[in-house]
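Colleague: What would the 3D arrangement of this be:
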Amino acid sequence: MVQVAPNKGAAVSKRSHCIAGKLGPYLVRLQYGTRRHFQATEVSLTIPHILTEHPACWPVRDLLSTIGSKWAILLIGLLQERPKRFSELKREVGDITQKSLTSVLRELEKDGIVDRMVTPTIPPRVDYRLTPLGHSLWKALEALSSWAIENHPAVSEARRRYNAPSTVKVK
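Modeller: Numbers count the residues shown, from 1 in each chain. Just a heads-up that it's a prediction; the model follows:
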């Protein structure tokens, strides 16, 4: 049986639970043995993963489920230039289905990132644009984009090494 509990002296901010992925020093109690010969050991460690069950992580997980979809970041990037019609977005993205585009735009609209404007003409004209919240999200995504461009060669090299045939011979 393993029990994990925060050390009493550990100070962990809400932000570190979700963003940094470190939960600070935790006390782990390992219990093993039979009922007669029971032993317990306590060790202190830092948990190197994100604790998604922590209440401070819920907003992060909730929003990442929307903007982390396959098409959302691409659509946000296209809409940061100017408002665009549905057909224009579909044409610029290319291989997205109409159903997927509709679904992603509805999710982004529901979260207040995209605004849907209907012009009552025949046929109705529907334009999509980023809201102020969407523009603030784009600023954060630009930083991610810059990191990806800057580090793409290193990531490509790591992938190449990972996929390279192993030089270790198995007998």
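
Colleague: Could you double-check that residue 126 sits in contact with residue 114?
Modeller: No - Residue 126 is beyond contact range of residue 114, at 11.5 Å (criterion: CB atoms under 8 Å). No exception for glycine: its C-beta is placed from N, CA and C like everyone else's.

Colleague: neighbours of residue 113, just the number please.
Modeller: Neighbourhood size, residue 113 [other CB atoms under 10 Å]: 25.

Colleague: so what pLDDT did it get?
Modeller: Note for residue 113: predicted pLDDT of 95.

Colleague: leaving aside the residues next to it on the chain, what's closest to it?
Modeller: Excluding its sequence neighbours, the residue lying closest to residue 113 (CB to CB, 6 or more residues apart in numbering) is residue 134, at 4.1 Å.

Colleague: could you pull out the strands for this structure?
Modeller: 2-6, 25-33, 38-46, 84-85, 114-119, 125-130 (DSSP state E).

Colleague: what about the chain, any weak spots by pLDDT?
Modeller: The model of the chain has pLDDT under 70 over residues 1-53, 167-171.

Colleague: ok so, going back, and the residue nearest to residue 113, how many neighbours?
Modeller: Using other CB under 10 Å, residue 134 is surrounded by 23 other residues.
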